[in-house]
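Engineer: predicted model and sequence below, questions to follow.
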Amino acid sequence: MEKHQYGFLLIIFFVVSLGLMSFISCIIAESQKAKEEDMKLDNKLCYLPESKAFSFGIAALICLVIAQIIGNFVICSNFWLRKDEDSSKAKKPKIATAFLVLSWICFGIAVILLSAGTSMSRKQLYGKGWLDQKCYVVKDGVFIGSGFLVLISIAATLATSLFTISKVQGELTARIHAQLV
């Protein structure tokens, strides 16, 4: 059972690392996004070069999606895949459910913001633009806002996984920790 607890901690560390990488990518994307001064106008046609925010936005999306999938896998394995019924009961299922819903709402909004911001950071050619043959620049704070939503989503996912650990598992973890200290 001790190996299982170390594996659980390793997975949690991996999810946190991916969440932090996604957050940092969002912050860097905010600083690297195209500015209005970068836009070139030719009568009604516009051109906007690709910014480095595109790459960082893609990295943030990939890290966020992988962290969300792994975090939810941990939640499912803790909650539904236990063999005996007593160990599959969550400590506080209503709180765990609330955190899970919060996690998915923040995840969805973050993905929408990151996708739109990343898409706008691609090269916008003369006559093509981003939408309706017009060039668009990402507003200030879009990537930072999505970065904070990433943190909330990952924190809520981790809180859900901690609340889905059974009472027996929690007591065993406390005993293992006491032996290590």
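Structural biologist: Perfect, I can see it now. Residues are numbered from 1 along each chain as shown.
Engineer: how about residue 36, nearest residue that isn't a chain neighbour?
Structural biologist: residue 137 (5.5 Å; Cβ to Cβ, 6 or more residues apart in numbering). (Glycine included, C-beta is placed from N, CA and C.)
Engineer: check contacts around that neighbour.
Structural biologist: 33-36, 38-39, 48, 120 (Cβ atoms under 8 Å, 6 or more residues apart in numbering).
Engineer: do residue 153 as well
Structural biologist: Per Cβ under 8 Å, 6+ apart, neighbours of residue 153: 19, 64, 68, 102-104, 106-107, 110.
Engineer: hmm, 7 Å instead?
Structural biologist: 68, 103, 106-107, 110 (Cβ atoms under 7 Å, 6 or more residues apart in numbering).
Engineer: grab the nearest non-local neighbour of the residue nearest to the spatial centre of the chain.
Structural biologist: In the chain, the C-alpha nearest the mean C-alpha coordinate belongs to residue 64, at 3.1 Å (Cα atoms, centre = their mean). Leaving aside its chain neighbours, residue 64 sits nearest to residue 22 (4.4 Å; criterion: Cβ to Cβ, 6+ apart).
Engineer: that older thread, the contacts of residue 153 in helices, which ones?
Structural biologist: 68, 103, 106-107, 110 (DSSP state H).
Engineer: pick the one among those residues closest to residue 55.
Structural biologist: Nearest to residue 55 among the ones in helices among the contacts of residue 153, counting by Cβ to Cβ, is residue 110 at 17.7 Å.
Engineer: per-residue pLDDT, the nearest residue to residue 50 once chain neighbours are set aside?
Structural biologist: In space, and not counting its chain neighbours, residue 50 is closest to residue 123: 4.0 Å by Cβ to Cβ, 6+ apart. What the model reports as pLDDT for residue 123 is 70.
Engineer: counting neighbours, what do you get for residue 24?
Structural biologist: Using other Cβ atoms under 10 Å, the number of residues around residue 24 comes to 16.
Engineer: and it, how far from residue 18?
Structural biologist: For residue 24, the distance to residue 18 equals 11 Å [Cβ to Cβ, to the nearest Å].
Engineer: ok, now residue 164?
Structural biologist: As judged by Cβ to Cβ, residue 164 and residue 18 stand 19 Å apart.
Engineer: the residue nearest to residue 50: how many residues sit nearby?
Structural biologist: By other Cβ under 10 Å, the burial measure for residue 123, its neighbour count, is 13.
Engineer: isn't it right next to residue 51, touching?
Structural biologist: No - taking contacts as Cβ atoms under 7 Å, residue 123 lies outside contact range of residue 51: 8.9 Å.
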